[in-house]
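**Student:** Requesting a structural model of the entry that follows:
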Amino acid sequence: MHILGIRPELILYFYMAGCIAVLIYNIGYIFWDRRKGKRLEKQSLDMVDKILMQIQKMTEDGSLTEEGMSVLKRDLRKLERLRAFEYSLEKVKGRVSAEEYACYITGLRGVFLDLAFYYSRRDLIEKAYFASLIKKFGIDRGHAPYDGLMDFLVTLVIGPDVYARENALGALYSIGNQEAVLAAWEKMEDNGILHSVKLLADGLLGFCGDRHELAKLLFAHRAKFSGKLNLPVMQFIRFSDGGFQEEFLELLKKENEDKELRLEAVRYFRRYPYEPAREVLFNFLRYQEYIDWEYAAMAALALSSYPGIDTQECLKQGLSAANWYVRFNCAQSLIYGLKVPQLRLYDVYNGHDRYAREILKYVSELQEIEDQQIDLEEIHV
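**Tutor:** Just a heads-up that it's a prediction; the model follows:
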């Protein structure tokens, strides 16, 4: 039976021809890729000798020669040569001293500054790759004045591609210039850029300059930023700096402040105990029926860093909360955090609140299971 006047065997022949064409293409691509790899390896080996000669000359003259810089500026405009240069530097690093390598990288600053203007007009993927090399080589690291290389990276931050933006931010953090990071933050805010909060916070932790000064600078400009940008700044501070207790307490007390920012402040006071924050955390638990349950749940965990009879009593009251997570966190803080002995919890175990008794028993059993697992691991070791 013919379909639309076409014989079935013709359809089969077309299908077989398509399969053969795909197979030929794949085989051709494999050979082409292998040849390209060999060419890249050969170029890389040639560059290694040139770089070693440049480093030797730098050791004698004290700086990279103008001729050497001009050759690099011309060669590295080709993406293939730039890739070969990347592999060459990796090999050179193991063949020279740390001081010689660092001196050579410092000398490359002028080369990359010139290349930044050139790559700013290239495809997005080439821009992203160039930005990744700035971070990888540590180009411009510790350079105080704001320059064209940082301007190139800041411009890349507000582009549409997440990969390019992440590479640019990583390069800015590796340079360690506070003003450049602030400029990137302001650009993201002005252009409504939505980037991953976790990526932003993790990236800031890789900042190679003075983290405390960067934290002060970004937090001082928090009024300019939305919660999506302030949250990673606060997370960065929580993981790196304990000198913001007063500022975070003031933020925590503001009831009209963004919820996520206030919760982050609670987490901060768990990591960095601050006595004036104790009463505020108590109130989150005491009045948990009238506020969002997440405040009470986070406050219950934070109170594990505030030992005392008053803390124990407050957490015991929290065991009667209507929300399961609040009860669970209170039990965790009593047993795991404060390590309150069962004798001091006698009134709860023998009280009338069945839910309080059950949550304490549940967390106690979890602790016993974990202790048994630790004992078994020590036996096997």
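**Student:** what's the spacing between the residue nearest the centre of the chain and residue 110?
**Tutor:** Central residue of the chain (C-alpha atoms, centre = their mean): residue 202, 2.2 Å from the mean position. Residue 202 is 31 Å from residue 110, where distance means C-beta to C-beta, to the nearest Å. The C-beta positions use only the backbone N, C-alpha and C, and glycine is treated the same way.
**Student:** so which helix or strand takes in the residue nearest to residue 77 when sequence neighbours are not counted?
**Tutor:** With sequence-adjacent residues excluded and distances taken as C-beta to C-beta, 6 or more residues apart in numbering, residue 77 is closest to residue 118, at 5.6 Å. Using DSSP states H and E, residue 118 sits in helix 109-119.
**Student:** Give the next helix or strand downstream of that helix.
**Tutor:** Trace forward from helix 109-119 with DSSP H and E and the next one is helix 124-137.
**Student:** List the buried residues of that following helix.
**Tutor:** Judged by neighbour count (16 or more other C-beta atoms under 10 Å), helix 124-137 contains these buried residues: 126, 127, 128, 129, 130, 131, 132, 133, 134, 135, 137.
**Student:** right, and the helix or strand after that helix?
**Tutor:** Later in the chain than helix 124-137, the nearest helix or strand by DSSP H and E is helix 148-157.
**Student:** Counting by contacts, list what the host helix or strand of the residue nearest to the centre of the chain packs against.
**Tutor:** Residue 202 belongs to helix 197-204 when elements are defined using DSSP H and E. Secondary-structure packing of helix 197-204 (3 or more C-beta pairs under 8 Å, 6 or more residues apart in numbering; DSSP states H and E): helix 162-175, helix 227-240.
**Student:** Buried ones in the last one, by neighbour count?
**Tutor:** Applying a neighbour-count criterion of 16+ other C-beta under 10 Å, one finds 228, 229, 230, 231, 232, 233, 234, 235, 236, 237, 238 buried in helix 227-240.
**Student:** From residue 225, how far off is the fifth one?
**Tutor:** Summarising the geometry, the distance separating residue 232 from residue 225, computed by C-beta to C-beta, is 10 Å.
**Student:** Quick check: what element follows the lowest-mean-pLDDT helix or strand in the chain along the chain?
**Tutor:** In the chain, no helix or strand scores lower on mean pLDDT, DSSP states H and E than helix 8-61, which sits at a mean of 71. Next along the chain after helix 8-61, taking DSSP H and E as the criterion, comes helix 66-75.
**Student:** Please enumerate the strands of the stretch 201-350 of the chain.
**Tutor:** For the stretch 201-350 of the chain, strands defined by DSSP state E, counting those that start in this stretch do not occur.
**Student:** Any regions of it where pLDDT drops low?
**Tutor:** Applying pLDDT under 70 to the stretch 201-350 of the chain picks out no residues at all.
**Student:** need the helices for it, in chain order.
**Tutor:** Using DSSP state H, counting those that start in this stretch, the helices of the stretch 201-350 of the chain run over residues 211-220, 227-240, 245-253, 259-271, 278-286, 293-302, 309-318, 324-332, 346-349.
**Student:** Report the distance from the shortest one to the chain centre.
**Tutor:** Mean C-alpha position of helix 346-349 versus that of the full chain (C-alpha atoms, centre = their mean, to the nearest Å) differs by 44 Å.
**Student:** Which strands or helices does that helix pack on?
**Tutor:** helix 354-380.
**Student:** other SSEs contacting the helix it packs on?
**Tutor:** Applying 3+ C-beta pairs under 8 Å, 6+ apart, we find helix 354-380 packed against helix 324-332, helix 346-349.
**Student:** Of the ones you listed, flag the one that's most buried.
**Tutor:** Greatest average neighbour count among those goes to helix 324-332 (a mean of 22), per mean count of other C-beta atoms under 10 Å.
**Student:** Not counting that one itself, show me its contacts.
**Tutor:** Contacts to helix 324-332, defined as C-beta atoms under 8 Å, 6 or more residues apart in numbering, come from residues 285, 288, 293, 296-298, 300-301, 304, 315-316, 318-321, 355-356, 359-360, 362-363.
**Student:** Could you pick out the buried ones from the residues you listed?
**Tutor:** Buried members of the contacts of helix 324-332, scored by 16+ other C-beta under 10 Å, are 285, 288, 293, 296-298, 300-301, 304, 315-316, 318-321, 356, 359-360, 363.
**Student:** what comes up buried for stretch 272-281?
**Tutor:** Judged by neighbour count (16+ other C-beta under 10 Å), stretch 272-281 contains these buried residues: 272, 273, 274, 277, 278, 280, 281.
**Student:** Considering those residues, which is situated nearest to residue 211?
**Tutor:** Using C-beta to C-beta, residue 272 comes nearest to residue 211 of these, at 14.9 Å.
**Student:** Is it correct that that closest one is in contact with residue 247?
**Tutor:** No - contact criterion C-beta atoms under 8 Å: residue 272 and residue 247 do not qualify, at 11.8 Å.
**Student:** Look up how far residue 296 lies from the closest residue to residue 289 other than its chain neighbours.
**Tutor:** Of all residues not flanking residue 289 in the chain, residue 322 sits nearest, at 7.1 Å (C-beta to C-beta, 6+ apart). Note on residue 322: its distance to residue 296, by C-beta to C-beta, is 10 Å.
**Student:** Kindly report the same for residue 240.
**Tutor:** 27 Å.
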